[in-house]
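Novice: generate coordinates for the sequence data below:
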Amino acid sequence: MKTGRTLYGVATGLAIAVAMSLSLTAPAMAENVVDGNNVVTGGTATNPVKAVATKNLVMPVNTPTPDATFTFELTKVSLNGSTAAGDLTTMPTIDAKTVTLSSSDNGSTGDGAKTVSKETTDILAGITWPHEGVYTYRVTEKQDTYTEKTGSPFSDDMAYSTAAYELTVYVYKDANGTFYAGALTTTLKAKDVASDVVDTKVDPTLGGKPSVAGDYSQMDWTNTYTRTDAGNATNPNLKVSKTVAGALGDTTRYFDFSVKVTNPVTVTATDTVYKAYVVDSTGAKVTTAANCGTGCEVDGNYEISFTTATAENIKLKHGQSLVFVDTPVGTKVEVEEAATADYTPSYVPTNLTSVKGGVIGANNTATVGQLLGLGTASAVYTASGSNVAAFTNTYKTVTITGISANNLPYIVMIGLAVIGFAGYVVVRSRRRAKAEA
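Specialist: The predicted structure follows:
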């Protein structure tokens, strides 16, 4: 629900008084007008005032929009202020309106969330009014119209808005005897956003404020949607892997990581716990506590608990991976590998996106002996499917000095040749000396 709704105090009271004091035989005006207090006037028999409902569906960034239909129902409240059954019977029944979303609705993104908004058609279209009067209806969203999924390939959760509005329509009669909706007000009676103010009037017109591109009717309902893919060891929702490279790299050595996962924007609980475990290069669970660093605990199933927004110290060696199978789409991820002397750290991300929505670059390398972080400077969010941060530590190149064993045979042969030539010279010199004697 839009946050621009404020209580206008005296101004609002004045607007209500003006609306109520309008003559039921007032002359028709040329076009619909929304004043500063969100009172809609200017309806005519050929162009009556209009009102539409907006559905806002908020989900974590990277979440596919579900195929879902949302329904808005109108119930009779009063006629000219009377709630008597006889008066309510004379009020026309207004059919429910719907909004349908699909995977092709991309919406807008920001602050780790994706919001898809769509409006209904005109709620008052086609209504035949029986006579002049002030007709008031309550507008609410029908609950639980979406069938939530469980198991494979994913499970999801739809939290419904409980907002409610009173739509008051002022019906007039023109010179031809036609009854028409000449004015209306829409008042928030139950809110779904903490910053909204109950009993504030909102603008229910199609497209909202004409001066704001992409704006919508302020008679809106905001639902939240969360999706969790069914991950497993070979295709986890999130994986942090370790590879050791370099001719002299130690494949038995454990490297230290700080790993933090934080709820997506639609999960507000502060005590959410996610489960992870370590697997080897074959995907088999590692059944040892050696992968837990300071403060980290592993249970009897060799699973590690991660409380949302709390970092855990993890140790991984060559061929091992830390895998999460229950993190929702849009989970915020932060991974930092500690500095290790003589090793150059780098990582390659797959299916992970930054807070600004751009894919993280693949050339993420620190210098020898420095730490390397993923998502510590800017937020990184998981997408639907398998998300991988593949860390590699490359051991420094070592130049070996001295005689190479590969050259030894040639050196021996040259040495023997030198010795043989020296012996030949000595023997020849002695023979010459004897001959001269």
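Novice: quick check: domain ranges of this structure?
Specialist: Under automatic domain parsing, the residue ranges defining each domain of the chain are 10-228, 231-395.
Novice: rebuild these as TSV, extending it with mean pLDDT, distance to Thr401 and mean neighbour count.
Specialist: From N, CA and C alone the C-beta is placed, and that goes for glycine too. Shown next, in TSV, are those (pLDDT from 0 to 100; distance: least, C-beta to C-beta, whole Å; neighbours: other C-beta atoms under 10 Å):
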stretch	mean pLDDT	distance to Thr401	mean neighbour count
domain 10-228	89	53	17
domain 231-395	92	15	17
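Novice: now the strands for the stretch 1-150 of the chain?
Specialist: According to DSSP state E, counting those that start in this stretch, the stretch 1-150 of the chain carries its strands in the segments 33-34, 40-41, 54-60, 68-79, 97-101, 108-110, 113-119, 133-141.
Novice: for these, which one sits closest to Lys315?
Specialist: strand 54-60 (29.6 Å; C-beta to C-beta).
Novice: output the contacting helices and strands for that closest one.
Specialist: Helices and strands touching strand 54-60, by 3 or more C-beta pairs under 8 Å, 6 or more residues apart in numbering; DSSP states H and E, are strand 97-101, strand 113-119, strand 220-229.
Novice: repeat the analysis, applying 10 Å as the threshold.
Specialist: When contacts are defined as 3 or more C-beta pairs under 10 Å, 6 or more residues apart in numbering; DSSP states H and E, strand 54-60 sits against strand 68-79, strand 97-101, strand 113-119, strand 154-159, strand 220-229.
Novice: residues in contact with stretch 295-302: which ones?
Specialist: 259, 275, 277-278, 285-292, 303-306, 310-315 (C-beta atoms under 10 Å, 6 or more residues apart in numbering).
Novice: one step back: redo the domains of the chain as a markdown table? Include distance to Ala417.
Specialist: Putting the domains of the chain into a markdown table (distance: least, C-beta to C-beta, whole Å) gives the following:
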| stretch | distance to Ala417 |
| --- | --- |
| domain 10-228 | 73 |
| domain 231-395 | 35 |
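Novice: any idea how far Leu372 is from the residue lying closest to Gly112 once chain neighbours are set aside?
Specialist: Spatial nearest neighbour of Gly112, chain neighbours left out: Val265 (4.8 Å); criterion: C-beta to C-beta, 6 or more residues apart in numbering. Between Val265 and Leu372 the distance is 27 Å, computed by C-beta to C-beta, to the nearest Å.
Novice: in a helix, that's where Ile400 is, yeah?
Specialist: No - with DSSP: H, G, I helix; E, B strand; the rest coil as the criterion, Ile400 is assigned coil and is not in a helix.
Novice: ranges for the helices of the stretch 201-350 of the chain?
Specialist: Using DSSP state H, counting those that start in this stretch, the stretch 201-350 of the chain contains no helices.
Novice: same list (the strands of the stretch 1-150 of the chain) but as JSON lines, adding distance to Lys332.
Specialist: As requested, the strands of the stretch 1-150 of the chain are exported to JSON lines (distance: least, C-beta to C-beta, whole Å):
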{"stretch": "strand 33-34", "distance to Lys332": "40"}
{"stretch": "strand 40-41", "distance to Lys332": "42"}
{"stretch": "strand 54-60", "distance to Lys332": "9"}
{"stretch": "strand 68-79", "distance to Lys332": "25"}
{"stretch": "strand 97-101", "distance to Lys332": "25"}
{"stretch": "strand 108-110", "distance to Lys332": "14"}
{"stretch": "strand 113-119", "distance to Lys332": "12"}
{"stretch": "strand 133-141", "distance to Lys332": "29"}
